[in-house]
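Trainee: build me a model:
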Amino acid sequence: MKGLKALALSVGGVVALATAVSATPITIDSFNNGGTTLTRTLAGTNTALQAGPIADVLGGARKLSLTNLTGLGDATMRIDFMDNNRLSVSNDDDVRSIASILYDQNNAPTGFAPAVDLLSAGFGFSLSRRGDNASGSIIIEVTDSDGDTATRSISTVSSGVVWVDAFALFSSFTNYSNTDFSSVRTIRLTIDASSVAATALDQSIDFFVTSVPEPATFGTLGLALVGLGTLAYRRRKV
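Mentor: Predicted structure coming up:
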């Protein structure tokens with residue numbers, strides 16, 4: 001079954017290359033609405049469910065989690081703070097944290113029935129980030145209807161006030177061949193500052209959407225998808 005899933009993904013991806021330019025992106029989160037703040041001073045975790053519906057959020061809801069791993073000061077997670085239209089995570093000196101947002105079918109009032117087809121909306125995720133510490137990670141996890149999860153990690157940046165765009169191809173996710181991006185039940189976005197110590201962290205994300213790659217990368221992407229399909233077919237034969 002895993003080989004069949006990978007083969008179906010690759011065939012669908014190759015066919016979609018012809019219409020990729022006209023694909024309509026899906027906004028996972030614009031961070032323009034549903035402003036909120038979580039702060040954790042002691043070691044431990046704070047959670048919050050924004051049941052919504054929230055505009056420009058996939059499914060219309062967010063499940064937030066903020067873990068302070070050291071308890072040596074404040075870890076703070078903000079969305080649309082004072083109408084700044086972004087997700088921000090900031091830590092005091094010597095504080096390590098993990099902040100995440102779960103976009104989940106079980107919590108969503110809209111947009112997740114029966115599942116989300118990401119492949120019809122592009123070949124990857126785009127986001128823009130800025131901050132003052134490049135030793136953290138931005139992690140995207142995609143879980144399909146069968147419970148299989150694909151993961152991709154993007155580094156945080158030390159760019160000051162300059163926004164730095166990132167594009168993550170679906171095919172670059174670990175376990176991509178076993179995860180059906182055309183039938184997605186949950187997406188999790190995490191800012192992992194668990195390895196950041198001694199220096200305060202301040203990191204922001206401006207938007208989180210699906211998108212298509214630049215035209216120059218279409219050929220490379222097509223070859224990668226064809227190769228994935230061939231590999232899946234050989235595994236199925238074996």
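
Trainee: with adjacent residues omitted, what lies nearest to the residue positioned nearest the centre of the chain?
Mentor: For the chain, the residue nearest the mean C-alpha position is Ile140 (3.4 Å; C-alpha atoms, centre = their mean). Nearest residue to Ile140 in three dimensions, chain neighbours excluded: Arg152, at 5.0 Å (C-beta to C-beta, 6 or more residues apart in numbering). In short, each C-beta sits where N, CA and C put it, glycine included.

Trainee: in what helix or strand does that neighbour lie?
Mentor: Using DSSP states H and E, Arg152 falls within strand 149-155.

Trainee: please, where are all the strands along this protein?
Mentor: 27-29, 36-40, 44-50, 62-68, 75-79, 87-91, 97-104, 124-131, 137-144, 149-155, 164-169, 184-193, 201-211 (DSSP state E).

Trainee: got the domain ranges for this protein?
Mentor: Using automatic domain parsing, the domain parsing of the chain gives 1-23+212-238, 25-211.

Trainee: averaged pLDDT, the first one. What do you get?
Mentor: Computed over domain 1-23+212-238, the mean pLDDT rounds to 44.

Trainee: what about the closest residue to Gly60 other than its chain neighbours, how many residues close to it?
Mentor: Among residues not flanking Gly60 along the chain, Pro53 sits closest, at 3.3 Å (C-beta to C-beta, 6+ apart). Using other C-beta atoms under 10 Å, Pro53 has 15 neighbouring residues.

Trainee: confidence score at Pro53?
Mentor: So Pro53 comes in at 90 (pLDDT).

Trainee: correct me, but it touches Gly34?
Mentor: No - Pro53 is beyond contact range of Gly34, at 9.3 Å (criterion: C-beta atoms under 8 Å).

Trainee: returning to that earlier point: just the buried positions in the strand holding Arg152, please.
Mentor: For strand 149-155, a neighbour-count test (16 or more other C-beta atoms under 10 Å) marks 149-152, 154 as buried.

Trainee: what are the contacting residues of that strand?
Mentor: If you take C-beta atoms under 8 Å, 6 or more residues apart in numbering as the criterion, strand 149-155 is touched by 125, 127, 129, 134, 136-143, 166, 168, 170, 172-176, 178-179, 181.

Trainee: what's the mean pLDDT across it?
Mentor: Strand 149-155 carries an average pLDDT of 97.

Trainee: chain center to that strand, what's the gap?
Mentor: 8 Å (C-alpha atoms, centre = their mean, to the nearest Å).

Trainee: that strand versus strand 137-144: what angle between them?
Mentor: Relative orientation of strand 149-155 versus strand 137-144 (axes from the mean of the first three to the mean of the last three C-alpha atoms, to 10 degrees): 160 degrees.

Trainee: got the angle between strand 149-155 and strand 164-169?
Mentor: 150 degrees.

Trainee: please name the residues that touch the residue lying closest to Ile54 once chain neighbours are set aside.
Mentor: Among residues not flanking Ile54 along the chain, Gly34 sits closest, at 3.9 Å (C-beta to C-beta, 6+ apart). By C-beta under 8 Å, 6+ apart, Gly34 lies in contact with 50, 52, 54, 57, 62, 79-80.
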